[in-house]
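Here is a sequence together with a model predicted from it:
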Amino acid sequence: MTSPLRRAFSFLRAGTGPLQVWTRPRGLFTDSSGGGLVLQSQSTDVHQNLALEDWIDAHVDLQRRHVLLLWRNRPAVVIGRHQNPWSECSLPAMRRAGVPLARRRSGGGTVFHDLGNLNLTFFASKKAYDRRRNLKVVTEALRRLRPGLDVHATDRFDILLNGRYKISGTASRLSRTSSYHHCTLLHSADRSALSAVLRPSCPGIQSNATPSVPSPVTNLVDHAPSLRWEELLEALVQQYNTEFGLSSASTLVDPSEESEFPGLGSMAAELRSWDWTFGKTPKFSVETLLELRDEGLRARCSARLQMEVKSGLVASCQLGVPAEWLPLRLSRQLSEALVGGRFCPHGAAAAVAALLRSESGQPNARLRNLSEALLAAMG
């Protein structure tokens, strides 16, 4: 009986050519002969795969060899190193759907991953870094598979189909001596899930964080319905070898095997942490109106929220609430209770709960209403 993970990656063993060849990963990265490597991750965990990228960049001699990593993830949203998650994605929708958020170490924009999206990471020395050449591997493989597909790379290093639809986005990271460039390739992704999660969580954000550039997207199977995973992967591996003059067989690797990838587990744990995912957000401010309502008296009013957030923590908070709706001391106490805490509904909930216990009657009801509106604005 095959496991769900083996079934999820059964396409890696199908077909003919290089994808039939399995090699043992042990000793793979200590081979001093140079040349190239083509690796296929057996993990579908976004944090493990991002950590695998970092591990390869840190541990493989990229002065002597090129490496191509192929990987897929279960549904996840991945933001760029310098992005603001509250601006880029709907955190409430992601929580409801059980979709994790990951911040990668490269720049670029936000992308939605699922098992219908293939990720390709091209590793090389910094001197050999060439995004256009890497994307040529993808476009030439697609043209060879389906000559009728009109695909080309843009000046932004995206890949467009029919001159309009984005099928691949790109990002990269350069260190002192090495580089990696990764791109997506939409084969059969769930576009309805993509549109549901890629919208802002919090209104009124002002920030210097890198914004994503929205583009119309499409799947390859929408234009080439017979295109199978195994033939796509085989074509990409063959074109990679052709472009770089290599003869690399495909190797399945499991990033959860600590004996093969020592230290990768702790690298993945760091990428999962709140301090990395949210705490690395560039500083930003929030200025928005909170709609308030007293259900008993059917009274309505608005409160103005002004916040400064640094390293994911509330640095300052001002709540402008009409004094006739809520005593000034309570709105001040709520503002003060939030300063120093995480900018997230769960982080602020404890401070809010403690303040609510100190009041009763109408002040309690209105303070609760204000708190709920405030927590909702935090995503």
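Cool, the structure landed.

how near is S179 to S172?
7 Å (C-beta to C-beta, to the nearest Å). (Glycine included, C-beta is placed from N, CA and C.)

hey, what's in contact with both of those two?
Y129 (C-beta atoms under 8 Å, 6 or more residues apart in numbering).

Can you spell out the domain ranges of this protein, please?
Following automatic domain parsing, one gets these domains for the chain: 4-273, 284-377.

Rebuild the ones you listed as a markdown table, extending it with mean neighbour count and mean pLDDT.
Formatted as a markdown table, those follow (neighbours: other C-beta atoms under 10 Å; pLDDT from 0 to 100):
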| stretch | mean neighbour count | mean pLDDT |
| --- | --- | --- |
| domain 4-273 | 18 | 90 |
| domain 284-377 | 16 | 89 |
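
Give the full set of residues in contact with L68.
G36, L37, V38, L39, L120, T121, F122, F123, V237, Y240, S248.

Report the separation between it and N134.
For L68, the distance to N134 - C-beta to C-beta - is 9 Å.

How about S43?
Relative to N134, and taking C-beta to C-beta, S43 is found at 22 Å.

and what of S259?
31 Å.

can you check A350 too?
47 Å.

same check, this time on P211
With C-beta to C-beta as the criterion, P211 and N134 are 24 Å apart.

Ok, N364 next?
From N364 to N134 the distance is 60 Å (C-beta to C-beta).

Repeat that for G109.
From G109 to N134 the distance is 18 Å (C-beta to C-beta).

again with Q306
Distance of Q306 to N134, given as C-beta to C-beta: 45 Å.

who's in contact with the nearest residue to T210 once chain neighbours are set aside?
Among residues not flanking T210 along the chain, H82 sits closest, at 4.6 Å (C-beta to C-beta, 6 or more residues apart in numbering). Going by C-beta under 8 Å, 6+ apart, H82 touches G107, A209, T210, P282.

Nearest to R228 among those?
Of all the contacts of H82, G107 has the smallest distance to R228: 32.8 Å, by C-beta to C-beta.

if I read this right, that closest one contacts G80, doesn't it?
Yes: with contact taken as C-beta atoms under 8 Å, G107 and G80 are classed as touching, separated by 5.0 Å.

Residues in contact with both of those two, list them for me.
Common neighbours of G107 and G80 (C-beta under 8 Å, 6+ apart) are A171, T210.

All the strands of the stretch 151-300 of the chain, in order from the start?
151-153, 159-161, 165-168, 170-174, 178-186, 205-207, 250-253, 284-294, 299-310 (DSSP state E, counting those that start in this stretch).

R199 is nearest to which of these?
strand 205-207 (12.9 Å).

And the contacts of the closest one?
If you take C-beta under 8 Å, 6+ apart as the criterion, strand 205-207 is touched by N84, W86, S87, P282, K283, F284, S285, V286, E287.

quick one: the nearest residue to the fourth one once chain neighbours are set aside and R300, what's the gap?
Once its chain neighbours are removed from consideration, P282 has its nearest residue in A209; the separation is 4.6 Å (C-beta to C-beta, 6+ apart). When C-beta to C-beta is the yardstick, A209 and R300 sit 33 Å from each other.

try C202
22 Å.

any idea how far the residue nearest to T210 is from K126?
20 Å.

now W86
Taking C-beta to C-beta, one finds W86 at 33 Å from K126.

Need the contacts of L68 in TSV (columns: secondary structure).
Conversion of the contacts of L68 to TSV gives the following (DSSP: H, G, I helix; E, B strand; the rest coil):
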residue	secondary structure
G36	strand
L37	strand
V38	strand
L39	strand
L120	strand
T121	strand
F122	strand
F123	strand
V237	helix
Y240	helix
S248	coil
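
L374 reaches L334, doesn't it?
Yes: under the criterion of C-beta under 8 Å, L374 makes contact with L334 at 7.5 Å.

so what's in contact with the two at the same time?
Shared contacts of L374 and L334, counting by C-beta under 8 Å, 6+ apart, come down to L319, V352.

Which residue is the nearest non-sequential neighbour of L69?
In space, L69 is closest to T121, 4.2 Å off (C-beta to C-beta, 6+ apart).

Next, the contact list for the one you found, please.
E53, I56, V67, L68, L69, W71, Y180, H181, H182.

For these, give me CSV that also has distance to W229.
Output for those, formatted as CSV (distance: C-beta to C-beta, whole Å):
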residue, distance to W229
E53, 21
I56, 23
V67, 21
L68, 16
L69, 17
W71, 13
Y180, 23
H181, 22
H182, 19
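
can you pull up the bridge partners for the nearest residue to V217 once chain neighbours are set aside?
Nearest non-adjacent residue to V217, counting by C-beta to C-beta, 6+ apart: K166, 4.9 Å away. On the basis of DSSP bridges, K166 is bridged to L160, V217.
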